[in-house]
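> Got a predicted structure plus its sequence, pasted below:
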Amino acid sequence: MTMRVWRGNPYPLGATWDGMGVNFAIFSENATGAELCLFAGPEDARESHRIPVREKTNQVWHCYLPDVRPGQLYGWRMHGPYEPQNGHRFNPAKLLLDPYAKAVTGGIRWDDSVFGYQLGADEQDLARDDRDSAGAMPKCVVVDHTFAWGEDRRPNVPWNRTVFYETHVKGMTMLHPEVPEGVRGTYLGLCSDAILDHLLSLGVTSVELLPVHHFVDDRMLVDRGLRNYWGYNSIGFFAPDARYACGGLGNQVYEFKSMVRTFHAAGLEVILDVVYNHTAEGNHLGPTLCFKGIDNQAYYRSVPEDPRFYYDFTGTGNSLNMRHPRTLQLVMDSLRYWVQEMHVDGFRFDLAPVLARELFEVDRLSAFFDIIQQDPVISQVKLIAEPWDVGPGGYQVGNFPPGWAEWNGKYRDHVRKLWKGEQGQLPDAAARLSGSADIYQWTQRAAYASVNFVVAHDGFTLHDLVSYEEKHNDANGENNQDGHNDNISRNWGVEGDTQDGAILDVRFRTMRNFMATLAFSQGVPMLAHGDEMARSQGGNNNVYAQDNEIAWMRWDLDDRRRELLEFTRKVFALRHLNPVLRRRTFFRGQVIDHSGVKDLTWIRADGNEMQQEDWQNVAGHSLGMLVHGDATDDSDDRGRPIHGDTLLLLFNAGPEEVRFTLPMIESGEDPGVEGRRDGTRMWSELVNTAREDLWHIRDGWLGLAPHSLVLLRYGRERRIAFEGGAQAANVAAVTGAGDLVPSQTPQAAVEPG
């Protein structure tokens, strides 16, 4: 069949269907020629048409094909010098993916043809390989962007009311008995009723997906019978990965949009974990799949003294060249596409400092940050940085500019050390509980700059954090050499699984401590999927290659796991209901009214305020955090202040019980309690991780059990009304809509006043 070829336009880049035909455009600064290749099937080794592209405008090769329709498979071949020693790796024998492809179908069939050089040659990558790679390569797909979004609106959850839930599309759904079998492991399975009900019951507002950009299963993993499970190996920054879709040939775009629309209808945001710091093409000995063959010098950071080699700030072999305007454009176009076309609500940037390395060091004033700040689309969504990479000076916690939130690695480490029982943790624990102002306030950011987490996808699960002191990564096939060695974990007496009831008691109590600490800390909490049900990976702290039941989430719960799930629902319900637990700005430690009461007071065990010498006591394991009910900076839609309860958070991370004298509240009105002052005032437990029955304490003392946390409310006994959204309503059903404190008052816990 004769294919008509018109000149087309250099913008937009990629393949664009306009209802009449398709415009194709690809950037290459250094190529001498470009060929567009059309294919009839995803595994075809020969193209049905190879079209020399004659038009080149501003370093963009382009053409328009009026006879092509959505569903057409295509790829590119680029001509130019093959001179690795000068940074050029053009090889027209290699079929290349379009960097702007909106969908990719098929996977790589690993053989030597996908490498631009002759494997095994003495000259290594200096010896060009002329075998055609088309039969081993996936193909790009022309897509029709039409989609019935209807009344879809972004939830726009305020930062101070946000609760992130980090999850994996496949791992979350593969084993759920109520997810229809045909959609398990897919975008449609993730938005099924069973998963939505679970997320809403936890009080989650924002689902953070591990990478869904089209990615590559590394050859070394495939050779070992493994797969790249996490997906941190992107090759298509516009294409949702087809492995998470029920249908191929572009249907993954429709299914992803359907998932987002369903999440939004439930009030849930969708956040993407994105990997713009490197690609799947690896180092100078890696395959030629896309960028390396299109324009290696433009897209990758090469070593100036020897352009054959790459700078590697990621540990994966290469780093994208954020100094080149076209690479910056690629990243920004991708981000804007996912917001405008796919309707996502924000991004978590993997190894974000790499994106800010213009010369060599991380630069807070880099073009990357400047462009995002002025972009009217990208700047308006949630932006979260993983603030470290593997390069020199790569640990950048606290150094990102206003408008950005960060994964707070110091929160993770200090909270782990606290509940592990390490000495000298009180000052750091207090700083983390109160929002990490010491890290973020100097950049004039708000308390939401700190994304608090105890565990994430990378490392032990919460269950394994309290069950293993050593990693057990043998299944990865790397002789247990991969993964972190310092996990700040504690097994409480036995490595791994045990039937010892006493050990299990303290493990599950410690998990409750972690959950409650996360829920009651200032900042934005992030749960890792399955931690609410004590998901285990058998001590594997690096399941990046385990696309199987080691990493998948199990839903068959024993009594202890079911109780942990109910506990998690409860503590996050309390967070949603108490505005003092989710401030927008940092505490000041100052008096807030005529009563002389501070917004935040740190209390020692005798009920008095902590002094300097108390903070220096390295043997101390207990602390109280008193937050006044008027210490809220939240307001309703009309700007009226929202008052909360006066709360006292107590923790004892030591091995001995602590007798904690509860402070007296001297005030003309009960702080945060509606009504007159003639009611009976008392401290009432809302949470106690050491026991299920909750007590009233009338101006007395409390015996704080070893390794435990207690949250108390000051005021008259009353029922708590769960209002303010679907999440709170679901949790109200779980907790019985409020009778959180029984009427009995055990005398052992009361001292006559």
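Arrived safely. Predicted model only: the values in this text are computed from it and were never measured. Numbers count the residues shown, from 1 in each chain.

> Show the pLDDT at the nearest residue to Thr167 once chain neighbours are set aside.
Spatial nearest neighbour of Thr167, chain neighbours left out: His529 (3.8 Å); criterion: Cβ to Cβ, 6 or more residues apart in numbering. Where C-beta positions appear, they are placed from N, C-alpha and C, glycine not excepted. What the model reports for His529 is a pLDDT of 98.

> For His529, give me its contacts.
Applying Cβ atoms under 8 Å, 6 or more residues apart in numbering, we find His529 in contact with Tyr165, Glu166, Thr167, His168, Gly171, Met172, Arg535, Met553.

> so how far is Leu709 from it?
Distance, His529 to Leu709, by Cβ to Cβ, to the nearest Å: 23 Å.

> Restricted to helices, list the contacts of His529.
Gly171, Met172 (DSSP state H).

> Among the contacts of His529, which one lies nearest to Gly8?
Ranked by distance to Gly8 (Cβ to Cβ), the contacts of His529 are led by His168 at 39.3 Å.

> The closest one and Ala528 touch, don't they?
No - shown here, His168 and Ala528 do not form a contact pair, counting by Cβ atoms under 8 Å, at 9.9 Å.

> Between these two, which contacts overlap?
His457.

> Tell me which of those two has more neighbours.
Taking other Cβ atoms under 10 Å, His168 and Ala528 do not tie; His168 has more neighbours (28 against 23).

> Tell me which stretches of the stretch 251-400 of the chain form strands.
Secondary structure of the stretch 251-400 of the chain by DSSP state E, counting those that start in this stretch: the strands cover 269-274, 302-303, 306-310, 346-349, 382-385.

> and those as JSON lines, adding mean pLDDT and distance to Gly248?
Shown next, in JSON lines, are the strands of the stretch 251-400 of the chain (pLDDT from 0 to 100; distance: least, Cβ to Cβ, whole Å):
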{"stretch": "strand 269-274", "mean pLDDT": "98", "distance to Gly248": "21"}
{"stretch": "strand 302-303", "mean pLDDT": "95", "distance to Gly248": "35"}
{"stretch": "strand 306-310", "mean pLDDT": "97", "distance to Gly248": "32"}
{"stretch": "strand 346-349", "mean pLDDT": "97", "distance to Gly248": "26"}
{"stretch": "strand 382-385", "mean pLDDT": "97", "distance to Gly248": "31"}
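
> now those strands in JSON lines, with mean neighbour count and distance to Leu418?
Below are these laid out as JSON lines (neighbours: other Cβ atoms under 10 Å; distance: least, Cβ to Cβ, whole Å):
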{"stretch": "strand 269-274", "mean neighbour count": "23", "distance to Leu418": "27"}
{"stretch": "strand 302-303", "mean neighbour count": "17", "distance to Leu418": "43"}
{"stretch": "strand 306-310", "mean neighbour count": "18", "distance to Leu418": "41"}
{"stretch": "strand 346-349", "mean neighbour count": "25", "distance to Leu418": "25"}
{"stretch": "strand 382-385", "mean neighbour count": "24", "distance to Leu418": "24"}
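
> mind checking which helix or strand of this protein has the lowest mean pLDDT?
Lowest on mean pLDDT, DSSP states H and E among the helices and strands of the chain sits helix 726-735, with a mean of 39.

> ok, back up a step: out of the contacts of His529, which sit inside strands?
If you go by DSSP state E, these have Tyr165, Glu166, Thr167 in strands.

> In the sheet, which residues pair with the second one? Tell me.
Think Glu166. For Glu166, the beta-bridge partners are Glu208, Ala528 (DSSP bridges).

> Can you lay out the strands of the stretch 251-400 of the chain as TSV showing distance to Gly317?
Output for the strands of the stretch 251-400 of the chain, formatted as TSV (distance: least, Cβ to Cβ, whole Å):
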stretch	distance to Gly317
strand 269-274	19
strand 302-303	12
strand 306-310	7
strand 346-349	19
strand 382-385	22
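
> what about the ones you listed, which gets the closest to Asn479?
Nearest to Asn479, of all the strands of the stretch 251-400 of the chain, is strand 306-310, at 26.7 Å by Cβ to Cβ.

> In its sheet, which strands sit next to the closest one, and in what direction?
Strand 306-310 is paired, per DSSP bridges, with strand 302-303 (antiparallel).

> Is Tyr411 in a helix, a strand, or coil?
Using DSSP: H, G, I helix; E, B strand; the rest coil, the structure places Tyr411 in helix.

> from what I can see it touches Gly523, true?
Yes - under the criterion of Cβ under 8 Å, Tyr411 makes contact with Gly523 at 7.2 Å.

> mind checking the end-to-end distance for stretch 307-318?
In terms of Cα to Cα, to the nearest Å, the two terminal residues of stretch 307-318 are separated by 12 Å.

> Distance from it to the middle of the chain?
25 Å (Cα atoms, centre = their mean, to the nearest Å).

> Next: stretch 605-619.
Per Cα atoms, centre = their mean, the displacement of stretch 605-619 from the mean C-alpha position of its chain is 36 Å.

> try stretch 620-637
Computed by Cα atoms, centre = their mean, the chain-centroid distance of stretch 620-637 equals 27 Å.

> Buried ones in it, by neighbour count?
Neighbour-count burial for stretch 620-637 flags 620-634 (criterion: 16 or more other Cβ atoms under 10 Å).

> quick one, what contacts His168?
Contact partners of His168, counting by Cβ under 8 Å, 6+ apart, are Leu209, Leu210, Tyr229, Trp230, His457, His529, Ala551.

> from the residues you listed, which would you call buried?
Buried residues within the contacts of His168, counting neighbours by 16+ other Cβ under 10 Å: Leu209, Leu210, Tyr229, Trp230, His457, His529, Ala551.

> any chance of these in CSV, with secondary structure and distance to Val339 too?
What follows is the buried ones among the contacts of His168, written out as CSV (DSSP: H, G, I helix; E, B strand; the rest coil; distance: Cβ to Cβ, whole Å):
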residue, secondary structure, distance to Val339
Leu209, strand, 15
Leu210, coil, 19
Tyr229, coil, 27
Trp230, coil, 23
His457, coil, 23
His529, coil, 24
Ala551, coil, 29
